[in-house]
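In: My questions concern the predicted model and sequence given below.
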Amino acid sequence: MNTAFLDTNVLIAWIFLINSFHPKSVDVFNSYSQFFWSFSVVKEFEKKFNVKSKNLIRFFLDLQKFLENPEKDLYSLSDLIDFANERCSKQLLDEVKSFVKPFWSEYLGIQSRIPFFDMKNAIDFCLNDLLLNLDINKRSIEEIMQLSPQRSNDYSQIDAMLESFGVHEEDRKIILDGHDFACFSSQPVDFVTFDDDCFNGAKNIDLLCFNSVRGKYDFRAS
């Protein structure tokens, strides 16, 4: 029985269809039969889900309102990026830009320029999907995931090694939670993350009990 301990970013990618790693997250869930997370993952997951949901919905509502009085007949991906640059704060801009291209691919296809009416319909469909499906997808994840036991060991030596590789504190907690679970699991446990620093840190430490550490390049995008 294949078991995986999942990082938060894998779960977020699965929930949000317009996420560049969504296809890879689908492959993750097709590759294992058991999935675990820890209290640290749950806490971060709740926070990121709430923030990302609000940002996505707010952006597309603003875009929907903007298109009530269109400035042109044809729109391109660069027009959406320009809109984001003009309307979003610096704090939100990178996140907004990260889902503009997946939105275009999912709802508009491969065409480079889209008639205004098709653009408006795509935004309406996307908003409808977000409002209807996000909570459903979140509940599906919560039903699939199993909670690992609370960790009591701080694993200070491994923590220091992870820090030396540039892994942030919250990510170190998650890696150590997964390590603790893997050490006492009767089954081999893979650690799966789409975060580069998290992956590189965990991949380079032999003391970790994971069967393997897998990242975004280990899963298919289709």
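Out: Structure received.
In: list the helices and strands the helix or strand bottoming out on mean pLDDT in the chain packs on?
Out: The least trusted helix or strand in the chain, going by mean pLDDT, DSSP states H and E, turns out to be helix 90-107, with a mean of 85. Where contact means 3 or more C-beta pairs under 8 Å, 6 or more residues apart in numbering; DSSP states H and E, helix 90-107 is packed against helix 39-66, helix 77-87, helix 116-144. Where C-beta positions appear, they are placed from N, C-alpha and C, glycine not excepted.
In: got any ranges where the chain has weak pLDDT?
Out: For the chain, the stretches flagged by pLDDT under 70 are 1.
In: what domains does the record give for the chain?
Out: With domains defined by automatic domain parsing, the chain comprises 3-49+146-218, 51-143.
In: and those domains as CSV, adding mean neighbour count?
Out: CSV is the format used below for the domains of the chain (neighbours: other C-beta atoms under 10 Å):
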stretch, mean neighbour count
domain 3-49+146-218, 18
domain 51-143, 15
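In: and residue 71, that's in a strand?
Out: No. Residue 71 sits outside any strand when classified using DSSP: H, G, I helix; E, B strand; the rest coil, being coil.
In: Phi first, then psi, for it.
Out: When read as degrees, to the nearest 10, the backbone of residue 71 gives phi -90, psi -10.
In: again, but for residue 35
Out: Main-chain torsions, residue 35, degrees, to the nearest 10: phi -130, psi 130.
In: do residue 37 as well
Out: Note on residue 37: backbone dihedrals following degrees, to the nearest 10 are phi -140, psi 170.
In: Distance-wise, check it relative to residue 148.
Out: 7 Å (C-beta to C-beta, to the nearest Å).
In: Now do the shared contacts for those two.
Out: Counting by C-beta atoms under 8 Å, 6 or more residues apart in numbering, the shared contacts of residue 37 and residue 148 are residue 5.
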